[in-house]
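coords below, sequence missing:
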């Protein structure tokens, strides 16, 4: 058993799931993997079940329905805490996050003293994104700037989904009170960890848009992020 768990939430990722699992297990450091699948109708969970016969450190949790990225990660966080993993990493299934960068996130926490580390697309305002159209890139980049302005959080890539947490960070955040379920979930987690004085480190990565499968981005997810950040900041000020 590794000291580090990689959590991959999935919904209809049959085109990517086997390749991403094999790529993670091919790294020099050993990582365990937990796939949290929302009963994908395309059989993603079935592929993971078959691969479990080959990999003893591959785990699968199947939820009854598609219920949001945030709740999938919270399910995984609670599972990881119950298994006493020291480090817990969030990662997409579609290769937008390069498995070769896992060790950077791990080292930032395990060796460099960070309590949580972030695979950043926008570190020091440099843009490292491949294959996004201008509209999506503009939206993502300025969303992070907007979050920094509203919350005053000193993180360049506030919406990043490639993050490593030490277990103590997750144990000190009331996961049952996390309100957002879409990509605003990523903002809320970082904000709450920062407000609790946990140290962070951003690691520069190159983000590559998916080549297979379908993006889960939607208008409601964007709206949650835009208006939710203001609400989150106001609630914090009132406290």
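Thanks, I have it. Values in this document were obtained by computation on a predicted structure and should not be read as measured data. Residues are numbered from 1 along each chain as shown.

those helices in the chain, which residues are they?
Assigned by DSSP state H, the helices in the chain fall at 17-25, 44-51, 69-82, 102-110, 134-151, 167-171, 184-195, 219-238.

rank those by pLDDT, which is bottom?
Lowest mean pLDDT within the helices of the chain: helix 219-238, at a mean of 63.

Which one of the helices of the chain lies nearest to residue 7?
helix 69-82 (3.7 Å; Cβ to Cβ). Heads up, the C-betas are built off the backbone N, CA and C, glycines and all.

so how far is residue 5 from the nearest residue to residue 188 once chain neighbours are set aside?
Spatial nearest neighbour of residue 188, excluding adjacent residues (Cβ to Cβ, 6 or more residues apart in numbering): residue 180 at 5.0 Å. From residue 180 across to residue 5, the span is 22 Å (Cβ to Cβ, to the nearest Å).

do the same with residue 48
Distance of residue 48 to residue 5, given as Cβ to Cβ: 15 Å.

And for residue 134?
From residue 134 to residue 5 the distance is 36 Å (Cβ to Cβ).

These two - which one has more neighbours?
residue 5 (24 against 7; other Cβ atoms under 10 Å).

Leaving out chain neighbours, which residue sits closest to the more buried one?
Nearest non-adjacent residue to residue 5, counting by Cβ to Cβ, 6+ apart: residue 85, 4.3 Å away.

check contacts around the one you found.
Residues near residue 85 by Cβ atoms under 8 Å, 6 or more residues apart in numbering: 2, 3, 4, 5, 32, 167.

what do you get for residue 41?
By Cβ under 8 Å, 6+ apart, the contact set of residue 41 is residue 12.

Test my guess that residue 120 contacts residue 156.
Yes - Residue 120 is within contact range of residue 156, at 5.6 Å (criterion: Cβ atoms under 8 Å).

any common contacting residues for those two?
Taking Cβ under 8 Å, 6+ apart as the contact rule, residue 120 and residue 156 both touch residue 202.

So these two - more neighbours on which side?
residue 120 (23 against 20).

now the more buried one: how far from residue 171?
24 Å.
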